[in-house]
Structures are given as structure tokens and as C-alpha cells.
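Visitor: Quick one, structure for this:
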Amino acid sequence: MGYEETGMTRIQKEETSVLSPSDRREKNTILHVAAKSGNMQINTEEGHNDHRHRRPPLHFFYHQNAEGNTPLHVAANSGHVEMVRLLIVKARKMDAKQKRKLVTMKNFEEDTALHEAVRHNLFEIVKLLIHEDSNLA
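Guide: A predicted model of the protein is given here:
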């Protein structure tokens, strides 16, 4: 059965092939995996044709996994300051409304990425998130 017959897009099919069974079960995207590991090699820019270096689709930035966590939640929870910064910069490039949406999204426990950072005493990430949206404080 081809991916067209399952309703999957080509990008979803390619992504699924690199995710572990537990990542698929947890509904993580490749961006969640990168955020958890702090691997900033994932391309977030347009213009790459190789599927290993293709920019994730916009909805991946906002995709909630099985716990409701976005990649920003995962990066904040994992203490990856530079990954948090990268995700915010990419959202900012979209527009201010998209950036605000990203930093204020709540998981299924009603926590934002800021809550995750505070819970784990990750002060650099706390400062970064508050700097991006002072209404979070």
C-alpha cells in the first residue's frame, strides 16, 4: 500500500520512516525528537530538496504530541536553550501572531513552555521566553 492510499503526505511518510516506534506511539514529529535531543541539525529553512534536510512543515512547530507538548515544550523541558531560541526565531520569522501562539500554547496539563522551564529551574529558558512575551510573566 502506497502512502497516497493511506492518506499520508510524502513528507509524513518520510518522517515516519526515521521515527522510532515509541516516538510514533507518543505522536512525536521529527521536530519533537530534535527538540528533545537538542540536535539543531534539522533544517528549518526553505529550499532543500533532500528529504533528510527538508524544512519541517509549519504545522510541525505547533503539533502537539500525545501529552499535548509542542516541540517548544519539549525543548524547554529538556533544557536546550539554543533549541528554544531557534524555535522562537523561526516562529518570529512567520509573524508576531504565530510567535505568540507558539510561546503561549498549553499542553494537556494546561502548562506552557514557560511552566516547564520554571518547574525544572531552567532560568536561561525562563528569561528567553519572558523576553519574547512579557505577558507570560
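
Visitor: For the residue nearest the centre of the chain, give its distance to residue 134.
Guide: The centre of the chain sits closest to residue 71, judged by Cα atoms, centre = their mean, with a distance of 2.2 Å. Here the distance between residue 71 and residue 134 works out to 23 Å (Cβ to Cβ, to the nearest Å). (C-beta placed from N, C-alpha, C; glycine too.)

Visitor: Check residue 119 too.
Guide: Residue 119 sits 20 Å away from residue 134, taking Cβ to Cβ as the criterion.

Visitor: Can you pick out the residue with more neighbours from those two?
Guide: More neighbours surround residue 119 than the other of residue 119 and residue 134, with 11 against 8 (other Cβ atoms under 10 Å).

Visitor: Could you pull out the buried residues of the longest helix seen in the chain?
Guide: Scanning the chain for the longest helix, with DSSP state H as the assignment, gives helix 81-94. For helix 81-94, the neighbour count (16 or more other Cβ atoms under 10 Å) marks 81, 83, 84, 85, 86, 87, 88, 90, 91 as buried.
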